[in-house]
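Visitor: Build me a model from this:
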Amino acid sequence: MIDILERWDDQLRTEAARLGLDDGPIDWRLVEADRIYELAATGMPGVLRHWTHGRDYWYQRSRLSQGEGRLYEMIVHAEPPIAYLLEGNTVAAQKLVMAHCRGHSFLYRRHVLYRDHPTDYPARFQAQDARRQDYVEAYGPDAVEWVLDRAYALDDQVADEPERPVQSQRLPTDPYQDLFPRDPAPKVVRPPRYRLPTRDLLGFLGRYSPILADWERDLVMSVRQEGLALMPNRQTKLIHEGWACWVQQTLCRQLPVSDGEEVEMARVWAHVVSAHPASLNPYLFGWRFINWLIDEYGLDTAVQAVMTETDASLIRNWLTPEAARALNLYHYEWAQELMPQHGRVWVARRAALPTAPEVWESWRAELAEMLVRPIPEVWVTAVDHGTLVLTHQTPSRPLDPEWTQATLKAVRDLWGASVRLIDGQRTYLEPEGTGSRSE
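Guide: From the prediction side, this is the model:
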């Protein structure tokens, strides 16, 4: 099989180059099912070992056992990109998946979010995990897990913010100082210690927490690095899969395959783009939307849009009522209906496509919000006499009480002093009894 796949890779690259879609080699790796599900649970090879990754691993495996999905590949942003192929797939399935990975590879090398994104994260993570093991031996597994539990609870609250200079206060100058004796030298006014506000909550705690030891800061900043590494993937899931599907279909239509391989490819393709009952399938929706963009605006304009937008901005800037009708997009609303044997029950009722401009804008914005990871964004806005002040910044994603208390507890434990979270007119305080490392 290896020889067949190597020849297929050469054919893919040749055809991709002819179409202007080739951006270089891919590091192909054939792995067993357990390994690919481990990678899916962590998102990147070499990340810190933590119980949450085991939880996600078993979630992936349970979905497979229930027939809800199957992983055919996983590709990692590196240079060259690392593509893991599932051992045991048929040759035809491997060929289809390799063409799919060509689309991911092209996007990794061309999309603006990855332009300055480091490509050495796998090596960084391996070094971080080696240090974690040293900390386990030096301080014990419970102490290490105490820090990681709280850091992973906040791994969505990260941002790669540019360095902002701390502005010092200017002392007033006296325009008549040459006419009168000089006063004693004024006291130096120290600039503020923190650069606020900041979206990088976890990074702020790792840098400025007054209670963390150096090794604990290293663990917190390691989890932050993992969050930063995966952030572009979270913002471009629809684009990634839609573009990879378009490239896959374009390449496979141009290359010769046997009748048996064509049937197998069609079977795998039908499984990948099958409609999801309760959510948008990013493979199906992304592929159909990109096809519509190409048909409507041409390949060059569509590629420019895909390589410069996030999922949410692509919807806000490019989805039109004509596109929604072409893609069979509908809005569903919950309503109560009377059923003979069950009485009044809640059902999802399909509403017509909005036509009024203001209704359409609201409907499209709601769809864009669905494609953003639904985690409330919390900023550090002040440090008031040792109390850390957080502010909720995303009204479209309301605070869930349970999530809020868990977040405040994690922040309080890592900060070591009181914390309050401001949400409009309401203020949340951290739960009592937090901060103990003997929990």
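
Visitor: residues contacting R364?
Guide: I315, R316, L319 (C-beta atoms under 8 Å, 6 or more residues apart in numbering). Using the backbone N, CA and C atoms, a C-beta is placed for each residue, glycine as well.

Visitor: where do the helices sit along the stretch 51-200 of the chain?
Guide: For the stretch 51-200 of the chain, the helices defined by DSSP state H, counting those that start in this stretch cover 51-65, 91-110, 112-115, 121-139, 141-152.

Visitor: now the fourth one against helix 141-152, angle please.
Guide: Read it as helix 121-139. 140 degrees (axes from the mean of the first three to the mean of the last three C-alpha atoms, to 10 degrees).

Visitor: Number the residues from 52 up from this point.
Guide: Right, with 52 as the first residue, what we last looked at is helix 172-190.

Visitor: which residues of this protein fall in strands?
Guide: In the chain, the segments counted as strands under DSSP state E are 78-82, 124-127, 133-137, 382-390, 394-402, 429-435, 438-443, 470-474, 477-480.

Visitor: Worst mean pLDDT among those?
Guide: Mean pLDDT across these is lowest at strand 394-402; the value there is a mean of 67.

Visitor: right, so of the helices of the stretch 102-251 of the chain, which gets closest to A356?
Guide: Nearest to A356, of all the helices of the stretch 102-251 of the chain, is helix 163-166, at 11.4 Å by C-beta to C-beta.

Visitor: buried stuff in the closest one?
Guide: Buried residues in helix 163-166, defined by neighbour count with 16 or more other C-beta atoms under 10 Å: L164, Y165.

Visitor: CA atoms only: put that helix into PDB for me.
Guide: What follows is helix 163-166, C-alpha atoms only, in PDB (Å, rounded to 0.1, in the frame of the first residue of the first chain):
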ATOM      1  CA  VAL A 163      -3.700  35.000   7.100                       C
ATOM      2  CA  LEU A 164      -4.300  33.500  10.600                       C
ATOM      3  CA  TYR A 165      -1.400  31.100  10.000                       C
ATOM      4  CA  ARG A 166       0.900  33.600   8.300                       C
END
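
Visitor: Find the nearest non-adjacent residue to the most centrally placed residue in the chain, please.
Guide: Nearest to the geometric centre of the chain sits R285, at 2.1 Å (C-alpha atoms, centre = their mean). With C-beta to C-beta, 6 or more residues apart in numbering as the criterion, R285 has its nearest non-adjacent residue at 5.2 Å, and that residue is R424.

Visitor: ok, the one you found touching N284?
Guide: No - in this structure, R424 is not within contact of N284 by C-beta atoms under 8 Å, at 10.4 Å.

Visitor: Dump the contacts of R415 into CSV; add pLDDT as well.
Guide: Formatted as CSV, the contacts of R415 follow (pLDDT from 0 to 100):
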residue, pLDDT
I366, 94
R367, 93
L370, 93
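
Visitor: What is the nearest of these to L380?
Guide: Among these, and counting by C-beta to C-beta, the member closest to L380 is L370, at 8.3 Å.

Visitor: tell me the contacts of the closest one?
Guide: F340, R415, L418.

Visitor: if we can go back for a sec, would you mind finding the most buried of the strands of the chain?
Guide: strand 124-127 (a mean of 23; mean count of other C-beta atoms under 10 Å).

Visitor: neighbouring strands for that strand, and are they parallel or not?
Guide: The strands that strand 124-127 pairs with in its sheet are strand 133-137 (antiparallel) (by DSSP bridges).

Visitor: For E373, see how far away the residue lying closest to K288 once chain neighbours are set aside is.
Guide: Excluding the flanking residues, the one nearest K288 by C-beta to C-beta, 6+ apart is P333, at 5.3 Å. Note on P333: its distance to E373, by C-beta to C-beta, to the nearest Å, is 22 Å.

Visitor: so can I have CSV of the helices of the stretch 102-251 of the chain showing mean pLDDT and distance to E453?
Guide: Shown next, in CSV, are the helices of the stretch 102-251 of the chain (pLDDT from 0 to 100; distance: least, C-beta to C-beta, whole Å):
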stretch, mean pLDDT, distance to E453
helix 102-116, 73, 17
helix 142-161, 94, 36
helix 163-166, 92, 31
helix 172-190, 92, 29
helix 192-203, 95, 16
